[in-house]
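Visitor: sequence and predicted structure are below.
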Amino acid sequence: MKQKVLKRSKKAALVLMVPTATFLMAGCGQEEAVQTAAFETVDQCAAYFNPEQCRADLGQALTMHTQVAPKYTDKAACETDFGVGQCETPAQAAAAAGTEPPAQAQASSGGFFMPMMMGFLAGQMLNRSGGQLKQPVQAQPLYKSRDDRSTFRTATNTPVARGVGPTYIKPSSVQPKAAGTVNRGGFGAQAAKRSSSTKSFGG
Amino acid sequence: MKKVACDERPGWRSYAESVGFEFHTFDGEAYWDETAYYQFNLRQIEQDLEEPTEELHQMALALVDDIIRDEEKLQQLAIPEKFWDFVADSWRTKAPSLYGRLDLVYDGTGPAKLLELNYDTPTSLFETGFFQWVWLEDQIMRGKVPQGADQFNSLQDQLEAAFAELPLANPLYFASVANSIEDKGTVMYLMDIAKQAGLDSRFIELEQLGEASGQLVDLDGYAIGGLFKLYPWEFMVQEDFASVILSSQTQWLEPGWKMLLSNKGILPLLWQKHQGHPNLLESHFEQPGQSFGAGWVRKPLFSREGANVELVTQSGEKISEPGPYADSPFIRQKLQQLPKFGDSYTMIGSWVVGNSAAGIGIREDNSLITKDSSRFLPHIILD
């Protein structure tokens, strides 16, 4: 007999909105490690991934470098952590990368120092199983500390790879964290202004 | 298409609250209304709603290409010049989009007519995708709805597939304004589906979003790689963090190019390109000093839930809805009155996920203008 094709979903289940289900789920949420890779150059990256995506990942890492790198007011303090000759100013970083330093960095770069970028994490997975490419890991700059020159670390000092090449990481451990002042409350003003007559800002 | 009275499920309100549907009643008035349902046959669903939905969607997408190349059109849509490149880049890089809703006038016969596209921040998602689905299963089980009944509602399946297949950031953040339980409910439902699709979905109040060195950050200062925002683009581009939209690496849902399609100015542009199309209503940009006569509707480019809409019926009766959106240009659209079932005027919201039609949700109001408080009724398909 021919199966009738239904016009409705096969299931409509909730896992977060139902308190009991959330309770049952607790403990099952082990985060899986994914396989990505650390590189120093686009050429190294191109051996594993699409070269165009490699260039994009490096570009994103360079952009983020001034934003997320640990900041020091004193060059010596930076070199204590990252090694002599391994620290630079945002202007030097921008010159090396051939980009304009971000406006905020320019305005506040009264001579602060940060470690040089030593490599980048690819925002791509090696062990993807068909389907479209997902991006569980954000491409980002990598650094090396003074006392451990082989290990790539994120800006928040999480070790991610021993040398160039593939590595397993948990995506949540390498979420880039901004260094510096955080401003809040920059979105929502229009809602506050118009809130007397509407209960939703959807539609 | 007909309206059929039906017994309510006993205890549905407490069930609704147990699954996070706290806005089923608003200001003492029913929002979710299951004292009746609408019944369609399969031909009405497939030929009159599903096919036109996908066709109108493709026509709208094709317009994006035209608009981003045309300064005059960008100006007509009141897109701030500072964001022209942002919008164009989001389109050229194929920034993924999750969903949208077309609002249609349809009475069971003849072509459905497009009233507008809610392509940036559509709500009534949980009501459509989950609550009306459960209603059907319950009522079939209780014998209140015929056994073979179906529903045009693949919304949750399609959203789950979209979350699983689109190249989205993970973790993916979801934001809505702090004081709207309706918006929070919609966002929670999306987070729930995203989680089922394997994403790490995280909520943040819109007002709590942070900025550090040009990057959008969460409460702990972590960069937000991807953000679903149930908050209109046209608001965001004029707020304090407008420049963060341009500097942050954040992947936005809906993407920047949806700014063009959620705009009522898309209606005259669609009409200019496809004049006489059976699913379109004649529409024009309002001219200064233009008189406003019988058989026309006036809508702001940016407005939601019927706010600031006015219309004059064929008999000259003037109906208007107040609202906070009087500060944008207006369009004129030929009036196509909503069909009346009993005492109520009925509108159909037709969902799109990716490029596929994904189901409908029905809204009823006592007035010709459908709004925030309009009741939501379930539907069935029966041949």
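Guide: Cool, the structure landed. Residues are numbered from 1 along each chain as shown, chains lettered A, B, ... in the order given.

Visitor: list the neighbouring strands of the helix or strand of chain B with the lowest mean pLDDT plus their orientation.
Guide: When the helices and strands of chain B are scored by mean pLDDT, DSSP states H and E, strand B:25-26 comes last with a mean of 90. Applying DSSP bridges, strand B:25-26 is found paired with strand B:29-30 (antiparallel).

Visitor: which is the next helix or strand following the partner strand?
Guide: With elements assigned by DSSP states H and E, the helix or strand that comes after strand B:29-30 is strand B:36-40.

Visitor: is that following strand in proximity to chain A?
Guide: No. Strand B:36-40 lies out of reach of chain A by CB under 8 Å from any CB of the partner chain, never closer than 9.9 Å. (C-beta placed from N, C-alpha, C; glycine too.)

Visitor: now do the residue nearest the centre of chain B against B:Ser18, distance only.
Guide: For chain B, the residue sitting closest to the mean C-alpha position, by CA atoms, centre = their mean, is B:Pro122 at 2.9 Å. Per CB to CB, to the nearest Å, B:Pro122 is found 25 Å from B:Ser18.

Visitor: and if you look at A:Ala97?
Guide: 54 Å.

Visitor: which one's more surrounded, these two?
Guide: Legend: neighbour count by other CB atoms under 10 Å in any protein chain shown for A:Ala97 and B:Ser18, higher for A:Ala97 (17 against 13).

Visitor: nearest residue to the more buried one other than its sequence neighbours?
Guide: A:Leu62 (4.4 Å; CB to CB, 6 or more residues apart in numbering or on different chains).

Visitor: and the one you found, how many neighbours?
Guide: A total of 18 residues lie near A:Leu62 under the criterion other CB under 10 Å.

Visitor: could you pull up phi and psi at it?
Guide: phi -60, psi -40 (degrees, to the nearest 10).

Visitor: quick one: low-confidence parts of the stretch 151-300 of chain B?
Guide: In the prediction, the stretch 151-300 of chain B carries no residues with pLDDT under 70.

Visitor: which of the three states applies to A:Phe120?
Guide: Under DSSP: H, G, I helix; E, B strand; the rest coil, A:Phe120 falls in the strand class.

Visitor: report the beta-bridge partners for it.
Guide: In this entry, A:Phe120 is beta-bridged to A:Phe39, A:Pro141, by DSSP bridges.

Visitor: how far away is it from chain B?
Guide: According to CB to the nearest CB, to the nearest Å, A:Phe120 and chain B sit 14 Å apart.

Visitor: wait, that residue touches A:Gln138, no?
Guide: No. Here A:Phe120 does not reach A:Gln138: they are 10.7 Å apart, not a contact under CB atoms under 8 Å.

Visitor: more neighbours: those two, which one.
Guide: More crowded of A:Phe120 and A:Gln138, by other CB under 10 Å: A:Phe120, with 28 against 25.

Visitor: neighbours of the residue nearest to B:Ser180 when sequence neighbours are not counted, how many?
Guide: Excluding the flanking residues, the one nearest B:Ser180 by CB to CB, 6+ apart is A:Ser200, at 5.5 Å. Look at A:Ser200: counted by other CB under 10 Å, it has 23 neighbours.

Visitor: what parts of the stretch 1-150 of chain B come near chain A?
Guide: Residues of the stretch 1-150 of chain B lying near chain A (CB under 8 Å from any CB): B:18-20, B:26, B:42, B:45, B:118, B:121-123, B:129-130, B:133-134, B:136, B:150.

Visitor: in strands, which of those residues appear?
Guide: Judged by DSSP state E, these include B:26, B:118 as members of strands.

Visitor: drop anything exposed from the residues of the stretch 1-150 of chain B next to chain A.
Guide: B:19-20, B:26, B:45, B:118, B:121-123, B:129-130, B:133-134, B:136, B:150 (16 or more other CB atoms under 10 Å in any protein chain shown).

Visitor: of all these, which comes closest to B:Arg298?
Guide: B:Asn118 (18.4 Å; CB to CB).

Visitor: any idea of the pLDDT on the closest one?
Guide: With respect to pLDDT, B:Asn118 has a value of 96.

Visitor: next: the one 4 residues further on.
Guide: B:Pro122 is assigned 94 on the pLDDT scale.

Visitor: neighbours around the closest residue in space to it that isn't next to it in sequence, how many?
Guide: Counting by CB to CB, 6+ apart, B:Arg101 is the residue found nearest to B:Pro122 once chain neighbours are left out, at 3.9 Å. A count of neighbours around B:Arg101, defined by other CB under 10 Å, yields 27.

Visitor: so B:Arg101, which of the three states?
Guide: Assignment for B:Arg101 (three-state DSSP): strand.

Visitor: correct me, but it touches B:Val353?
Guide: No. Using CB under 8 Å, B:Arg101 is not in contact with B:Val353; the gap is 10.2 Å.

Visitor: pull up the distance across stretch B:226-241, start to finish.
Guide: Distance across stretch B:226-241, first residue to last, is 16 Å (CA to CA, to the nearest Å).

Visitor: and A:Phe82, how close does it get to A:Arg149?
Guide: Counting by CB to CB, the gap from A:Phe82 to A:Arg149 is 10 Å.

Visitor: now do A:Thr66
Guide: Taken as CB to CB, the span from A:Thr66 to A:Arg149 is 23 Å.

Visitor: higher neighbour count, those two?
Guide: A:Thr66 (29 against 10).

Visitor: hmm, that one is touching A:Phe112, no?
Guide: No. The criterion here is CB under 8 Å, and A:Thr66 misses it with A:Phe112 at 10.0 Å.

Visitor: now B:Phe376. Nearest residue, chain neighbours left out?
Guide: B:Glu127 is the one closest to B:Phe376 (CB to CB, 6+ apart), at 4.8 Å.

Visitor: surely B:Pro322 meets B:Val309?
Guide: No. At 9.7 Å, B:Pro322 and B:Val309 do not qualify as touching, with contact defined as CB under 8 Å.

Visitor: these two: which is more packed in?
Guide: Remark: of B:Pro322 and B:Val309, B:Val309 carries more neighbours, 26 against 12, as counted by other CB under 10 Å.

Visitor: please enumerate the strands of chain A.
Guide: Using DSSP E, strands in chain A cover A:34-39, A:87-88, A:114-115, A:119-121, A:140-145, A:148-153, A:159-162, A:165-169, A:183-184.

Visitor: so what touches the fourth one?
Guide: Meaning strand A:119-121. Residues outside strand A:119-121 that contact it (CB atoms under 8 Å, 6 or more residues apart in numbering or on different chains): A:36-40, A:45, A:57-58, A:61-62, A:137-142, A:152, A:154, A:160-161, A:164, A:174.

Visitor: same question for the second one.
Guide: By CB under 8 Å, 6+ apart, the residues outside strand A:87-88 that reach it are A:72, A:75, A:78-79, A:96, A:113-116.

Visitor: what about those, which are in helices?
Guide: Among those, DSSP state H puts A:75, A:78-79, A:96 in helices.
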